[in-house]
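Engineer: output the structure for:
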Amino acid sequence: MEPAQKRGVPPEEHKIRNQDAAIDWNGVRIFLEVVRNGSFRSAAEKLGQSINLVRRRVDELEYALGFPLLTRHVDGVRLTSEGQKILVAAEDMERATFALRRVRDRADKTISGEVRLAVTEGLGTFWIIPRLVELQRAYPRLLIDMRCAMESADVLRMEADACVQLTRPTASELKVVKLGRLHVMPFAAQSYIDTFGTPRSFEELLQHKIVLQVAEQVSSQTEYDRLFPGVPQPGFVAMRTNVTSAHYWSIAKGAGIGMLPTYAHALGARIVPIEIGLRYPYDIWLTYHPDASRIQRARRLIDWIMENFDARQFPWFRDEFIHPYDLPKVYGGEPLINLFEGFLSASNG
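Structural biologist: As a prediction, this is how the structure comes out:
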């Protein structure tokens with residue numbers, strides 16, 4: 001289907017009209033989503049828009065540029081050679097737009113009051129808090145009330161303005177956004193490996209010590225019962241903890257082998273990923289009350305959370321598994337260790 005402004009225009013006028021057509025950022029943004037999701041339908045679902053609207057906006061962008069960007073196929077869409085070049089420029093536009101928004105938001109010092117964020121203890125301690133300080137400095141009149149716990153907050157009853165959790169909420173009244181995916185695998189401290197060696201298979205793991213985290217949302221107990229039926233924990237399990245920070249330290253200090261997110265390798269401690277075929281994904285969900293998004297300070301917090309779980313910027317939150325050793329190859333930001341500054345000396349102390 002042709003854009004309305006194109007219908008009835010003689011072919012010889014197309015090029016002239018295209019040269020003067022404005023490039024709409026919203027069209028570029030929708031084009032990016034179509035490419036990233038592989039089809040118009042998937043992009044429409046991600047954007048919460050009709051598939052006809054998504055198609056129309058891409059058609060309008062193609063008309064404005066003067067050439068096709070995508071070819072349609074039964075299994076989705078594919079970029080044309082011109083589309084490949086526009087994709088690079090579109091990603092540059094996206095980064096520039098985010099930069100402009102950050103400057104705008106940082107310049108707005110009028111946001112004030114209290115916002116309440118509930119988050120799982122591990123993501124709160126090791127991921128959100130190290131960078132949440134920047135948000136508070138940008139808005140010095142903002143009080144951020146953080147609740148780090150493995151129990152989910154009742155956002156529907158406004159126990160928190162926003163909640164980041166590993167189980168998808170079921171209340172239809174809430175706004176729910178998938179932020180990304182957490183990938184966990186076994187890790188051990190270098191000191192443990194130096195003393196006891198590295199298990200090379202699941203069978204060899206039975207000759208080692210392990211540590212478990214048993215808590216709401218993330219429970220190693222369930223996996224233990226499935227993986228080690230009939231194996232008593234005393235003598236095999238060195239330690240059980242209920243919070244991620246204690247679980248992390250028990251591994252980092254050499255108590256045993258335990259499951260941690262892949263980005264734990266960047267925290268600074270001398271921990272080593274153990275390859276024995278155990279990997280588990282956990283989807284990360286942001287939930288908030290619809291009324292919260294109408295409050296300026298809560299809206300800014302929600303936007304900030306989404307920015308800091310952007311899988312394009314932070315690849316360890318992508319849906320696909322990336323080995324910890326490969327993360328530096330696909331991560332284009334500041335040195336990974338800088339993201340966790342403050343843990344290094346404590347971890348190695």
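Engineer: direction included, what does the lengthiest strand in the chain pair up with?
Structural biologist: If you go by DSSP state E, the chain has its longest strand at strand 175-189. If you go by DSSP bridges, strand 175-189 pairs up with strand 258-261 (antiparallel), strand 271-273 (antiparallel), strand 280-288 (antiparallel).
Engineer: just name the most buried of those.
Structural biologist: Per residue and on average, the most neighbours among these fall to strand 258-261, with a mean of 25 (mean count of other CB atoms under 10 Å). Placement of C-beta: from N, CA and C, glycine included.
Engineer: which secondary structure elements does the host helix or strand of residue 239 contact?
Structural biologist: Residue 239 belongs to strand 237-241 when assigned by DSSP states H and E. The contact analysis (3 or more CB pairs under 8 Å, 6 or more residues apart in numbering; DSSP states H and E) places strand 237-241 against strand 210-213, helix 244-252.
Engineer: and the ones you listed: which comes nearest residue 277?
Structural biologist: strand 210-213 (15.0 Å; CB to CB).
Engineer: how far does the helix or strand hosting residue 328 sit from its chain's centre?
Structural biologist: Per DSSP H and E: residue 328 is located in helix 327-330. In terms of CA atoms, centre = their mean, to the nearest Å, the gap separating the centre of helix 327-330 from the centre of its chain is 15 Å.
Engineer: what's the answer for stretch 282-293, then?
Structural biologist: On CA atoms, centre = their mean, the centre of stretch 282-293 falls 13 Å from that of its chain.
Engineer: just the CA trace of stretch 93-100, in PDB.
Structural biologist: What follows is stretch 93-100, C-alpha atoms only, in PDB (Å, rounded to 0.1, in the frame of the first residue of the first chain):
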ATOM      1  CA  MET A  93      20.200   8.800  15.500                       C
ATOM      2  CA  GLU A  94      18.900   6.600  18.300                       C
ATOM      3  CA  ARG A  95      22.000   7.100  20.400                       C
ATOM      4  CA  ALA A  96      21.900  10.900  19.700                       C
ATOM      5  CA  THR A  97      18.300  11.000  20.700                       C
ATOM      6  CA  PHE A  98      19.000   9.200  24.000                       C
ATOM      7  CA  ALA A  99      21.900  11.600  24.600                       C
ATOM      8  CA  LEU A 100      19.600  14.600  24.100                       C
END
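Engineer: show me what that stretch is in contact with.
Structural biologist: Contact with stretch 93-100 is made by 25, 28-29, 32, 307, as judged by CB atoms under 8 Å, 6 or more residues apart in numbering.
Engineer: now those in TSV, with neighbour count and secondary structure?
Structural biologist: Below are these laid out as TSV (neighbours: other CB atoms under 10 Å; DSSP: H, G, I helix; E, B strand; the rest coil):
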residue	neighbour count	secondary structure
25	13	helix
28	22	helix
29	16	helix
32	18	helix
307	16	helix
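Engineer: which two of those residues have the greatest separation?
Structural biologist: Using CB to CB, these reach their maximum pairwise distance at 28 and 307, which is 18.6 Å.
Engineer: packing partners of the helix or strand hosting residue 164?
Structural biologist: In this assignment (DSSP H and E), residue 164 forms part of strand 162-165. If you count contacts as 3+ CB pairs under 8 Å, 6+ apart, strand 162-165 packs onto strand 113-119, strand 280-288, helix 296-307.
Engineer: in that strand, what's buried?
Structural biologist: Buried residues in strand 162-165, counting neighbours by 16 or more other CB atoms under 10 Å, are found at 162-165.
Engineer: what residue spans form the domains of this structure?
Structural biologist: 11-105, 115-349 (automatic domain parsing).
Engineer: could I get the ones you listed as JSON lines with mean pLDDT?
Structural biologist: JSON lines is the format used below for those (pLDDT from 0 to 100):
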{"stretch": "domain 11-105", "mean pLDDT": "81"}
{"stretch": "domain 115-349", "mean pLDDT": "83"}
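Engineer: could you say which of the ones you listed is packed most deeply?
Structural biologist: Of all the domains of the chain, domain 115-349 carries the top mean neighbour count, a mean of 17, counting by mean count of other CB under 10 Å.
Engineer: distance of the residue lying closest to residue 257 once chain neighbours are set aside from residue 210?
Structural biologist: Once flanking residues are discounted, residue 257 sits nearest to residue 188: 4.5 Å by CB to CB, 6 or more residues apart in numbering. Per CB to CB, to the nearest Å, residue 188 is found 9 Å from residue 210.
Engineer: joint contacts of these two?
Structural biologist: With CB under 8 Å, 6+ apart, residue 188 and residue 210 have common neighbours 256-258.
Engineer: contacts only, for residue 261.
Structural biologist: Residue 261 neighbours (CB under 8 Å, 6+ apart): 122, 182-184, 316.
Engineer: contacts only, for the residue lying closest to residue 67 once chain neighbours are set aside.
Structural biologist: Leaving aside its sequence neighbours, residue 67 sits nearest to residue 82 (CB to CB, 6+ apart; 4.8 Å). Counting by CB under 8 Å, 6+ apart, residue 82 touches 65, 67-69.
Engineer: and the helices and strands packed on strand 162-165: which comes nearest residue 270?
Structural biologist: It is, among the helices and strands packed on strand 162-165 and with distance given as CB to CB, strand 280-288, at 23.3 Å.
Engineer: what's next to that closest one, contact-wise?
Structural biologist: 123, 155, 161-169, 174-185, 218, 223, 259, 298, 302, 305-306, 309, 317, 319, 321.
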